[in-house]
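Asker: kindly generate the corresponding structure for this input.
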Amino acid sequence: MPDNEQGLDQLLDAAGDIVFRLDLDGRIVGASERAVGLLGQARPLRGMLLATLAAEADQPALTGAIAGFNHGHPVHVALRLKTPDAEVWFDLRIASLAGAGIVPGLLAVGRDMTAQHATEERLRHMATHDALTGLPNRLLLSDRIRMVIANARRSGQAFSVATVGLDGFKKVNDGLGHPIGDAVLRQAAARLRKTLRDSDTLARVGGDEFVAVLPGTFADAQVKLVTGRLLATFQTPFEVDGHTIYVGASVGVSIYPQHAEDEVRLVALADAAMSRAKETGKARCVVYSPLRSGPPEYDISLEAAMFQAVREGEFHLYYQPIVDTRTRGIQGFETLMRWKHPTLGMVPPIRFIPIAETNGLINLLGAWALKAACVQLKRFEEAARRSLYISVNISPRQFRNDKFLDVLDDALAYSGLRGEQLVLEITEGTLMIDPAHAETILARMAERKARIAIDDFGTGYSSLAYLKRFPISVLKIDRAFIKDLPESQKDGAICNAVLDLARHLDLSVVAEGVETEPQLAFLEQRGCDYIQGYLTGKPMTAHVAMAALREDKYATLLPTDRRADTP
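Answerer: Below you'll find the model as predicted:
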């Protein structure tokens, strides 16, 4: 070896983590002591192709870089070099080597990238995995579902997505603290993972919810078997820091492509089914069904159109007559909101009311409806030349709003209406969300003489206790108990019980959904005060309602021998 080259080899260790002198073919002609020690070669490196020391997958990149090397421009190659213990990542900088007394060749200086690659891998893992359980998070879950969808399209084989929500988990955090709750979640994740196959994906998507992707699982029997195992894993209590904790789970399932063909909707529909499972008893599995699960998704485009509709005045109020059962004279109207979209036509309330309730727009719409209905009643009275009342539905969010009483006061003051002419319809469920708050607000409403009606009585959280506790004036029998009258003995018994109860508590009763004369006769014979339904009037615009009042239209439907009794 020429003296110049020997002196150069002694300096190599100062150049980088590892250094090689190469000939123009990529063979090693010299190496630093650190390189020799790292690679642990039993025989000298001299004469070996550097590429043979690289991981097999990285050899083509190194060979190509050396073969195509331009002596004026250094190049970098990221590769793994094989050591006795592992493959170690290096950034290899290859440059020209020339000088007096030195054979022209290449100098390859390697920088150890182990720490940087470990950090990058850790960051990638953190970005795609849940920190508490180590399971894939929502980001990685979406990628996994897309992969399964791609495979399903090629194979033609369906699969399912299952959402698992713990039942009553909030009591753990509230009662024992979040550290105990976190331990339960980690144990729950481990149990679920153990229950599933290696080919399945289990992810934690937030809070106490997990999502399992089940390739090849789609038949009823398969779904029942897998979800049965998922539910069974929660039958054993969790033991944490001396606490024995019982937490169940509810499962919702959606199936590709039967229910949806993209990952977002599949997860959303499985979540809707899981919510249905919780609503109908918990600790059970529900497979998604559009008929049972209600609206499958939050319609963003419809929400945007709603805000536009407010600006453009597309919302209107319709009025359905509330009629005296005996005289068939109109005593009042229930106010119903309608939305006439310029291209969609009439949008059903079942589509836009839940969205308005969620985004808070119901407060604005509700305040407008209350004031407009009160003003309209004054015009109705002018047409009828007698006193009437107006009934307005109050949504749960409206009722809980701090400004609701101010809205009520404003509507009464602006219209000049007496409080007793206004009936505010509230569902049983609204009252049961926070009974103490409900009692306070209802009492203040009663101070304003406004009457309170329980809408859809008997379909929600029916309790005789709240009839005593709250200042209620009116019960509205839901149409579900009216539609099969008079043939249905059970519905008849329920109506009799409600009417008898109302009589003893001095409450008025309005039967909804009356569509036939036999239904009306049944209710009249049993002392029902008022009815509303298609028999005596569909929801109508204000000008149609005005005409009906002027003509006393509904009184003309009475038998001839009873018209004389009509006021």
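
Asker: just give me how far stretch 69-85 sits from the chain centre.
Answerer: 50 Å (CA atoms, centre = their mean, to the nearest Å).

Asker: ok, now stretch 18-34?
Answerer: From the chain centre to the centre of stretch 18-34 is a distance of 61 Å (CA atoms, centre = their mean).

Asker: let me see the ranges of the strands in the stretch 101-250 of the chain.
Answerer: Taking DSSP state E, counting those that start in this stretch as the test, the strands found in the stretch 101-250 of the chain are 102-112, 159-167, 201-206, 209-215, 238-240, 243-245, 248-256.

Asker: just list what the third one packs against, helices and strands only.
Answerer: Read it as strand 201-206. Packing partners of strand 201-206 (3 or more CB pairs under 8 Å, 6 or more residues apart in numbering; DSSP states H and E): helix 138-155, helix 178-195, strand 209-215. All C-beta spots, glycine's among them, are computed from the backbone N, C-alpha and C.

Asker: out of the ones you listed, deepest packed?
Answerer: Counting by mean count of other CB atoms under 10 Å, strand 209-215 has the highest mean neighbour count of the helices and strands packed on strand 201-206, with a mean of 24.

Asker: relative to helix 138-155, how tilted is that strand?
Answerer: For strand 209-215 against helix 138-155, the angle by axes from the mean of the first three to the mean of the last three CA atoms, to 10 degrees is 20 degrees.

Asker: picking that back up, got TSV for the helices and strands packed on strand 201-206, with distance to His316 too?
Answerer: Below are the helices and strands packed on strand 201-206 laid out as TSV (distance: least, CB to CB, whole Å):
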stretch	distance to His316
helix 138-155	41
helix 178-195	49
strand 209-215	40
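
Asker: between these, which gets nearest to Ala67?
Answerer: Smallest distance to Ala67 across the helices and strands packed on strand 201-206 (CB to CB): 36.4 Å, for helix 138-155.

Asker: which parts of stretch 403-417 are buried?
Answerer: Using 16 or more other CB atoms under 10 Å as the test for burial, stretch 403-417 gives 404, 407-408, 411-412, 415, 417.

Asker: again, but for stretch 250-262
Answerer: For stretch 250-262, burial by neighbour count (16+ other CB under 10 Å) applies to 250-256, 259-260.

Asker: pull out the CA atoms of that stretch and give them to me as CSV.
Answerer: Taking Å, rounded to 0.1, in the frame of the first residue of the first chain, the C-alpha atoms of stretch 250-262 are listed here in CSV:
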residue,chain,number,x,y,z
SER,A,250,-73.1,-2.6,23.4
VAL,A,251,-72.2,-3.5,19.8
GLY,A,252,-73.4,-2.0,16.5
VAL,A,253,-72.6,-3.6,13.1
SER,A,254,-72.6,-2.4,9.5
ILE,A,255,-71.8,-4.6,6.5
TYR,A,256,-70.0,-3.8,3.3
PRO,A,257,-71.4,-3.4,0.6
GLN,A,258,-74.9,-4.0,1.9
HIS,A,259,-75.1,-0.8,4.0
ALA,A,260,-72.3,1.4,2.6
GLU,A,261,-69.3,1.3,0.3
ASP,A,262,-66.9,3.8,2.0
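
Asker: who's in contact with that stretch?
Answerer: For stretch 250-262, contacts defined as CB atoms under 8 Å, 6 or more residues apart in numbering pick out 148-149, 152, 158-165, 167, 218, 223, 227, 230-231, 265-278, 282-288.

Asker: list buried residues within those.
Answerer: Here, 16+ other CB under 10 Å leaves 148-149, 152, 158-165, 167, 218, 223, 227, 230-231, 265-278, 284-288 buried among these.

Asker: returning to what we had before: which one of the buried residues of stretch 250-262 is nearest Asp241?
Answerer: Ser250 (26.1 Å).

Asker: would you turn the buried residues of stretch 250-262 into CSV with pLDDT?
Answerer: CSV is the format used below for the buried residues of stretch 250-262 (pLDDT from 0 to 100):
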residue, pLDDT
Ser250, 94
Val251, 95
Gly252, 94
Val253, 96
Ser254, 95
Ile255, 96
Tyr256, 95
His259, 91
Ala260, 90
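
Asker: among the residues you listed, which two are most distant?
Answerer: Most distant of the buried residues of stretch 250-262, by CB to CB, are Ser250 and Tyr256, 21.2 Å apart.

Asker: longest helix anywhere in the chain?
Answerer: For the chain, the longest helix by residue count, based on DSSP state H, is helix 361-384.

Asker: if you count neighbours, what's buried in that helix?
Answerer: Applying a neighbour-count criterion of 16+ other CB under 10 Å, one finds 361-363, 365-374, 376-377, 380-381, 383-384 buried in helix 361-384.

Asker: strand partners of the helix or strand that it is followed by, parallel vs antiparallel please.
Answerer: Next helix or strand after helix 361-384 toward the C-terminus (DSSP states H and E): strand 389-393. Strand pairing for strand 389-393, determined by DSSP bridges: strand 330-341 (parallel), strand 422-427 (parallel).

Asker: quick one: closest of those strands to Val392.
Answerer: Closest to Val392 of these is strand 330-341 (CB to CB; 4.8 Å).

Asker: chain center to the closest one: distance?
Answerer: 31 Å.

Asker: now that strand: average pLDDT?
Answerer: Mean pLDDT, strand 330-341: 95.

Asker: keeping just the C-alphas, turn that strand into CSV.
Answerer: Listed next in CSV are the C-alpha coordinates belonging to strand 330-341 (Å, rounded to 0.1, in the frame of the first residue of the first chain):
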residue,chain,number,x,y,z
ILE,A,330,-112.4,25.3,16.4
GLN,A,331,-111.1,26.2,19.8
GLY,A,332,-107.5,26.7,18.8
PHE,A,333,-104.6,25.7,16.6
GLU,A,334,-101.4,23.8,17.0
THR,A,335,-98.5,25.6,15.3
LEU,A,336,-96.4,23.4,13.0
MET,A,337,-93.1,24.5,11.3
ARG,A,338,-92.6,23.8,7.6
TRP,A,339,-89.7,24.4,5.2
LYS,A,340,-90.3,24.9,1.5
HIS,A,341,-86.9,24.6,-0.2
